[in-house]
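>>> Sequence isn't available, so here's the structure alone:
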């Protein structure tokens, strides 16, 4: 805090004096890693010994802004991870599509999530679509058979 820059040797050459600002209360803002983001400050054209109320208010602003910076960084990190996951999933599906074996994936409710190109071709030959009830029954039987083989 500088209550009067005209009377402070460290501040008497500050460029804000050219604009008539004499007093200053500043609080540094930090990124979550501790790196300086900037400063939130109050400037006044007259001498001002900012009260504890102003300092507490500035500290509350600091906390809010730094929380936002933390949240913004976390959102950016998660978006980057989500993009990496999508790219990985695309590569995974590409590899599965290149297989000559018929491959399918179902979710926990036995809904079809993925069919590779070999299985699509095979289903087209049988005139079955991904939502066909006979296909669901067939895949369900295959799954049960596969589970019995593993035992």
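Structure received. Computed from a prediction, not measured in an experiment: that's the story for all the values here.
>>> which residues in the protein form helices?
Ranges of helices within the chain are 52-97, 117-126, 133-150, based on DSSP state H.
>>> pLDDT (mean, whole number) over the last one?
Right, helix 133-150. What helix 133-150 shows for mean pLDDT is 66.
>>> ok, residue 8 touching residue 1?
No. Residue 8 lies out of contact with residue 1 (CB atoms under 8 Å); the separation is 10.4 Å. In short, each C-beta sits where N, CA and C put it, glycine included.
>>> what domains does the record give for this structure?
The chain is divided into the following domains under automatic domain parsing: 5-77, 100-150.
>>> Give me the distance from the first one to the chain's centre.
Taking the mean of its C-alpha atoms, domain 5-77 sits 28 Å from the chain's own mean (CA atoms, centre = their mean, to the nearest Å).
>>> And stretch 4-18, by the same measure?
Using CA atoms, centre = their mean, the offset of stretch 4-18 from its chain centre is 42 Å.
>>> how about low-confidence regions in the protein?
For the chain, the stretches flagged by pLDDT under 70 are 129-139, 142-151.
>>> ok, back up a step: need the helices of the chain in JSON lines (columns: mean neighbour count and distance to residue 20).
Formatted as JSON lines, the helices of the chain follow (neighbours: other CB atoms under 10 Å; distance: least, CB to CB, whole Å):
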{"stretch": "helix 52-97", "mean neighbour count": "12", "distance to residue 20": "20"}
{"stretch": "helix 117-126", "mean neighbour count": "14", "distance to residue 20": "73"}
{"stretch": "helix 133-150", "mean neighbour count": "11", "distance to residue 20": "78"}
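>>> now these as a markdown table including distance to residue 42?
Formatted as a markdown table, these follow (distance: least, CB to CB, whole Å):
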| stretch | distance to residue 42 |
| --- | --- |
| helix 52-97 | 7 |
| helix 117-126 | 65 |
| helix 133-150 | 68 |
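>>> Those: which one's closest to residue 29?
With CB to CB, the closest approach to residue 29 among the helices of the chain belongs to helix 52-97: 5.6 Å.
>>> And the closest one, what does it pack against?
Helix 52-97 sits against strand 23-30, strand 36-44, with contacts defined as 3 or more CB pairs under 8 Å, 6 or more residues apart in numbering; DSSP states H and E.
>>> and these, which is most packed in?
The highest average neighbour count among the helices and strands packed on helix 52-97, using mean count of other CB atoms under 10 Å, belongs to strand 23-30 at a mean of 17.
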